[in-house]
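Visitor: this one's structure only:
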Ligand SMILES: O=C(O)[C@@H](O)[C@H](O)[C@H](O)CO
Ligand SMILES: [Mg+2]
């Protein structure tokens with residue numbers, strides 16, 4: 001059995017910040033885990049190096065479930081994004097090690113492939129409807145079968161999910177939180193126009209997705225869902241803040257547009273009522289923020305009972321280590337739905353060499369033993385951490401709103 005002899009937290013910023021845990025065992029086997037919490041990275045780094053690493057040394061790396069329980073129950077203070085991201089970092093690294101020792105890709109340890117590859121969705125965004133559709137057509141030509149559409153809102157200076165002209169969209173964008181202005185009324189006018197134009201331009205076969213990003217009240221979300229029904233969206237995401245799980249009952253009463261929720265969730269308890277009441281169709285909880293492969297499998301198993309499928313978060317604030325883990329998970333789980341794909345920069349891809357590949361709108365984790373991803377530490381050391389925040393959002397009268 002491989003005994004853990006060392007665990008190190010590596011912080012690097014190849015275009016954006018990433019926190020990685022690298023675990024080494026007495027037989028020389030190493031494993032990597034992503035522990036990146038966008039905008040609060042150093043809290044997780046300190047949680048790991050100060051409080052978790054000392055508890056790992058000397059443990060049997062094969063006992064993944066026991067170590068998970070030890071870190072979850074053993075902390076006494078359960079759940080929360082910092083704790084669950086730290087646990088996820090350990091969990092991913094341990095699955096990586098188990099795969100390498102077994103000589104098998106992680107998806108084989110999870111029961112083997114349930115499909116040939118994982119459908120991923122691309123991002124199309126633009127200041128205008130026309131620009132957004134131009135990008136969507138280009139993404140479709142790359143082979144994507146599913147595309148998320150976000151466009152600027154006339155009358156608002158900036159909009160969630162839309163890059164500034166000439167720039168690449170990156171969620172964390174400033175050394176102090178930047179501020180954007182929001183108008184629900186203006187937004188609710190433009191989204192149905194975007195979907196009408198997109199359906200017309202892209203035809204009936206491409207799956208069309210949209211992220212509301214927690215900004216509507218339940219009744220407004222019901223109206224948006226209803227307005228979009230003629231264009232058959234694959235889903236609308238995060239229509240209203242999901243601390244209020246009961247709110248989704250009201251949305252459901254008004255629309256058959258499928259609902260995806262959960263990128264900010266960190267445990268099965270965040271999504272339990274949503275799943276058991278069939279208020280959602282896709283669960284977006286992700287490996288890095290929801291306790292690793294071990295815990296996400298539990299969430300997927302609960303979801304499967306209620307015909308809820310997975311639709312894991314996959315923006316660039318999740319490192320290639322999470323992308324690899326998500327693809328092993330997605331390939332194996334019976335109720336896979338779709339995986340988000342926002343390609344990393346070349347700098348990030350070089351720091352995290354990986355085996356996963358894209359072909360014809362689908363991704364596969366590859367067949368290297370373990371997760372099939374590593375961190376090039378020499379390269380990583382050349383990119384110093386820079387504090388970066390997600391933006392905040394205010395209504396036109398200055399009221400702080402949901403970003
Ligand atoms: O669905 C998504 O990819 C977004 O909601 C991003 O994750 C968000 O901007 C924070 O990173
Ligand atoms: Mg989202």
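Guide: Done, it's in. Model, not experiment: these values are computed from the prediction. Numbering: from 1, shown residues only. Ligands and ions are numbered 1, 2, ... in the order given.
Visitor: Near ligand 1, which residues of this protein? Just list them.
Guide: Residues of the chain that fall close to ligand 1, judged by Cβ under 6 Å from any ligand atom: 38, 171, 211, 213, 263, 313, 315, 317, 340. The C-beta positions use only the backbone N, C-alpha and C, and glycine is treated the same way.
Visitor: Now with 8 Å, please.
Guide: Within the chain, the residues that sit near ligand 1 (Cβ under 8 Å from any ligand atom) are 38, 123, 148, 160-161, 171-172, 211, 213, 237-238, 263, 284, 313-317, 340, 342, 390.
Visitor: Was I right to think residue 187 contacts residue 215?
Guide: Yes. Contact criterion Cβ atoms under 8 Å: residue 187 and residue 215 qualify, at 7.2 Å.
Visitor: For residue 151, give me phi and psi.
Guide: Dihedral pair for residue 151: phi -130, psi 160, per degrees, to the nearest 10.
Visitor: quick one: secondary structure of the closest residue to it other than its chain neighbours?
Guide: What sits nearest to residue 151 in space, not counting adjacent residues and going by Cβ to Cβ, 6 or more residues apart in numbering, is residue 132, at 4.2 Å. Recorded secondary structure, residue 132: helix (DSSP: H, G, I helix; E, B strand; the rest coil).
Visitor: still on that earlier bit, return the subset of the residues of the chain next to ligand 1 lying in strands.
Guide: Judged by DSSP state E, those include 123, 148, 211, 237, 340 as members of strands.
Visitor: Would you pull up the residue in the stretch 301-403 of the chain closest to ligand 1?
Guide: Nearest residue of the stretch 301-403 of the chain to ligand 1 (Cβ to the nearest ligand atom) works out as residue 315 at 3.5 Å.
Visitor: picking that back up, isn't the residue nearest to residue 151 up against residue 198?
Guide: Yes. The criterion here is Cβ under 8 Å, and residue 132 meets it with residue 198 at 7.5 Å.
Visitor: Can you work out which residues contact both of those two?
Guide: With contacts taken as Cβ atoms under 8 Å, 6 or more residues apart in numbering, residue 132 and residue 198 have residue 149 as neighbours in common.
Visitor: Tell me how this protein divides into domains.
Guide: Split into domains by automatic domain parsing, the chain comes to 4-105, 109-368.
Visitor: With distance to residue 376 added, can I get these in JSON lines?
Guide: JSON lines is the format used below for those (distance: least, Cβ to Cβ, whole Å):
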{"stretch": "domain 4-105", "distance to residue 376": "9"}
{"stretch": "domain 109-368", "distance to residue 376": "6"}
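Visitor: Mean pLDDT added to the ones you listed, as JSON lines?
Guide: Below are those laid out as JSON lines (pLDDT from 0 to 100):
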{"stretch": "domain 4-105", "mean pLDDT": "98"}
{"stretch": "domain 109-368", "mean pLDDT": "97"}
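Visitor: Could you dump those domains into JSON lines with mean neighbour count and distance to residue 401 added?
Guide: Listed next are those as JSON lines, based on neighbours: other Cβ atoms under 10 Å; distance: least, Cβ to Cβ, whole Å:
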{"stretch": "domain 4-105", "mean neighbour count": "20", "distance to residue 401": "17"}
{"stretch": "domain 109-368", "mean neighbour count": "20", "distance to residue 401": "5"}
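Visitor: Columns distance to ligand 2 on top of those domains, output as JSON lines?
Guide: Formatted as JSON lines, the domains of the chain follow (distance: least, Cβ to the ion, whole Å):
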{"stretch": "domain 4-105", "distance to ligand 2": "12"}
{"stretch": "domain 109-368", "distance to ligand 2": "4"}
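Visitor: between those, which gets nearest to residue 377?
Guide: Among the domains of the chain, the nearest to residue 377 by Cβ to Cβ is domain 4-105 (6.5 Å).
Visitor: what's the span of that closest one from first residue to last?
Guide: Domain 4-105 has an end-to-end distance of 20 Å (Cα to Cα, to the nearest Å).
Visitor: go on, stretch 98-112?
Guide: End-to-end span of stretch 98-112 (Cα to Cα): 15 Å.
Visitor: Quick one: distance of that stretch to the chain centre.
Guide: From the chain centre to the centre of stretch 98-112 is a distance of 23 Å (Cα atoms, centre = their mean, to the nearest Å).
Visitor: again, but for stretch 261-277
Guide: With Cα atoms, centre = their mean, you get 14 Å for stretch 261-277.
Visitor: Would you mind pulling the contact partners of it?
Guide: 79-81, 83-85, 237-239, 242, 245-246, 248-249, 279-280, 282-286, 289-291, 295, 298-299, 302-303, 305-306, 308, 313.
Visitor: Now the terminal residues of that stretch, how far apart.
Guide: OK, stretch 261-277 end separation, Cα to Cα: 14 Å.
Visitor: swap in stretch 38-47?
Guide: 15 Å.
Visitor: And that stretch, how far out from the chain middle?
Guide: 17 Å.
Visitor: same check, this time on stretch 295-305
Guide: Centre-to-centre, stretch 295-305 and its host chain are 16 Å apart (Cα atoms, centre = their mean).
Visitor: now for the longest helix seen in the chain, which elements pack on it?
Guide: Counting residues, the longest helix in the chain under DSSP state H turns out to be helix 81-102. The contact analysis (3 or more Cβ pairs under 8 Å, 6 or more residues apart in numbering; DSSP states H and E) places helix 81-102 against strand 18-25, strand 30-34, helix 41-46, helix 64-74, helix 106-109, helix 292-305, helix 320-332.
Visitor: Got the phi and psi for the residue most central in space within the chain?
Guide: The centroid of the chain falls nearest to residue 313 when counting by Cα atoms, centre = their mean (2.1 Å). Recorded main-chain torsions at residue 313 are phi -50, psi 140, according to degrees, to the nearest 10.
Visitor: partner residues bridging residue 24?
Guide: Following DSSP bridges, residue 24 is listed with bridge partners residue 6, residue 30.
Visitor: Tell me which of the domains of the chain sits nearest to residue 380.
Guide: Nearest of the domains of the chain to residue 380, taken as Cβ to Cβ: domain 4-105 at 3.8 Å.
Visitor: gap between the closest one and the chain center?
Guide: With Cα atoms, centre = their mean as the basis, domain 4-105 stands 18 Å off its chain's centre.
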